[in-house]
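>>> Just to be clear, the model below is a prediction. Sequence and coordinates:
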Amino acid sequence: MTGLKISGLSAGYGRRPIVKAVSLPALGAGQVMALVGPNGAGKSTLMRAIVGLVPATGAVEFDGTDLLQLRLRERARRVAYMPQTLPGGIGLTVLEGVLTALRASPDHEGLPRSTDARQALATLVRFGIGHLASERMDRLSGGQRQLAALAQAAVRMPPLLLLDEPTSALDLAHQVQVMRCIRSYAEIQGAVVVIVLHDLELACRWADAIAVLKDGALAAFGSPEQAITPDTLRQAYGVEARIDRDAAGRIRVLVEDAL
Ligand SMILES: Nc1ncnc2c1ncn2[C@@H]1O[C@H](COP(=O)(O)OP(=O)(O)OP(=O)(O)O)[C@@H](O)[C@H]1O
């Protein structure tokens, strides 16, 4: 099988289970899945489990290999993860930070290549921050730092890219730009991208599939139309909501009230 398939994934901290036997149908190469759900549902924990930062059981098959059975170094060849909480930044420039991420990847084997700087700069340009190449990471705004972190995760072009709330600090134009970049990244690289989002309209507009997590379990999964329904929103978020479409046919989520 090519792509990502999660079966019975459970993970937690110490004895406390957080992610509870989550199974997701296969996502094919080139697909983007949004992972949504209320605060504390376990979205970040699920991502951390896939990359090996939290102990996990079950199976996370990617291109036919169970990632959970791989050593971390082997896992890191296939998957890159952008965490929700970004490091404060050190005295590196944005370009140096992205270069460092590229050279730290297992595929790179620590041997700088003459094309590295070009690859790093191209990634910055792709995410619209080429002009920040020589800015210091620790002097960036919150949104700029988020874009730089995204470039750090994407620079080595992993076939599986996990992004934890990459748009939470971005203005409206950058949100759209980043989602467009992520879509084209998935399509051009034939990669699978999993992206945690709180903005359900953004998720509906840009994702092929949406998984809704509630209390560590899967509350809904499917196309945006299938996954984001008044019932799901009531069950997962405890809100009454209407789902409409605007003139362009995009899904609009109108929250009436909290239950
Ligand atoms: N390092 C940790 N040690 C112990 N418990 C943790 C740790 N990190 C998260 N948790 C707990 O796991 C649960 C799920 O947290 P997680 O960050 O996975 O949720 P989330 O769905 O990503 O939430 P949010 O939307 O608020 O970012 C929460 O109850 C949280 O308190």
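Happy to help now that I have it. Numbers count the residues shown, from 1 in each chain.
>>> Tell me which residues touch residue 187, please.
Contacts of residue 187 were listed using Cβ atoms under 8 Å, 6 or more residues apart in numbering, and they are residue 30. Just so you know, the C-beta spots here come from the backbone N, C-alpha and C atoms, and that holds for glycine as well.
>>> what about 10 Å?
Residue 187 makes contact with 29-32, 193 under the criterion Cβ atoms under 10 Å, 6 or more residues apart in numbering.
>>> Narrow those residues to those that are buried.
Buried positions within the contacts of residue 187, assessed by neighbour count (16 or more other Cβ atoms under 10 Å), are 30-32, 193.
>>> out of the residues you listed, which are inside strands?
In strands, defined here by DSSP state E, the members of those are 32, 193.
>>> Quickly name whichever of the buried ones among the contacts of residue 187 is closest to residue 75.
residue 193 (16.7 Å; Cβ to Cβ).
>>> and the closest one, what does it touch?
Counting by Cβ under 10 Å, 6+ apart, residue 193 touches 4, 27, 30-34, 154, 158-163, 166, 182-183, 185-187, 206-208.
>>> swap in residue 199?
34, 36, 165, 167-168, 175, 179, 205-206, 253.
>>> How about residue 3?
By Cβ under 10 Å, 6+ apart, residue 3 lies in contact with 25-31, 61-64, 159-160, 190-192.
>>> For it, grab phi and psi.
The phi/psi pair for residue 3 (degrees, to the nearest 10) reads phi 100, psi -160.
>>> Going along the chain from the strand or helix carrying residue 120, find the next helix or strand for me.
Using DSSP states H and E, residue 120 maps to helix 116-126. Following helix 116-126 in sequence order, the next helix or strand is helix 142-154 (DSSP H and E).
>>> Let's see that next one as CSV, backbone CA atoms only.
Provided in CSV are the C-alpha atoms of helix 142-154 (Å, rounded to 0.1, in the frame of the first residue of the first chain):
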residue,chain,number,x,y,z
GLY,A,142,5.1,35.0,15.8
GLY,A,143,3.7,34.5,12.3
GLN,A,144,7.1,34.8,10.6
ARG,A,145,8.6,32.3,13.1
GLN,A,146,5.7,29.9,12.2
LEU,A,147,6.5,30.3,8.5
ALA,A,148,10.2,29.7,9.2
ALA,A,149,9.4,26.5,11.2
LEU,A,150,7.2,25.3,8.3
ALA,A,151,10.2,25.8,5.9
GLN,A,152,12.4,23.9,8.4
ALA,A,153,10.0,20.9,8.4
ALA,A,154,9.4,21.0,4.6
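>>> Would you mark the buried spots in it?
143-154.
>>> what about burial for the contacts of residue 193, which qualify?
Neighbour-count burial within these applies to 4, 27, 30-34, 154, 158-163, 166, 182-183, 185-186, 206-208; the criterion is 16+ other Cβ under 10 Å.
>>> Spell out which residues of the protein are next to the ligand.
Residues of the chain lying close to the ligand by Cβ under 6 Å from any ligand atom are 13, 18, 37, 39-45, 84.
>>> Show me the strands in the protein, by range?
4-13, 16-27, 32-36, 56-62, 65-66, 79-82, 160-164, 192-196, 209-214, 217-222, 239-245, 251-258.
>>> and those as TSV, adding mean pLDDT?
Listed next are the strands of the chain as TSV, based on pLDDT from 0 to 100:
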stretch	mean pLDDT
strand 4-13	97
strand 16-27	95
strand 32-36	98
strand 56-62	97
strand 65-66	96
strand 79-82	94
strand 160-164	96
strand 192-196	97
strand 209-214	98
strand 217-222	97
strand 239-245	94
strand 251-258	87
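>>> Including distance to residue 93, could those strands go into TSV?
Shown next, in TSV, are the strands of the chain (distance: least, Cβ to Cβ, whole Å):
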stretch	distance to residue 93
strand 4-13	34
strand 16-27	35
strand 32-36	30
strand 56-62	33
strand 65-66	36
strand 79-82	19
strand 160-164	23
strand 192-196	27
strand 209-214	37
strand 217-222	41
strand 239-245	43
strand 251-258	39
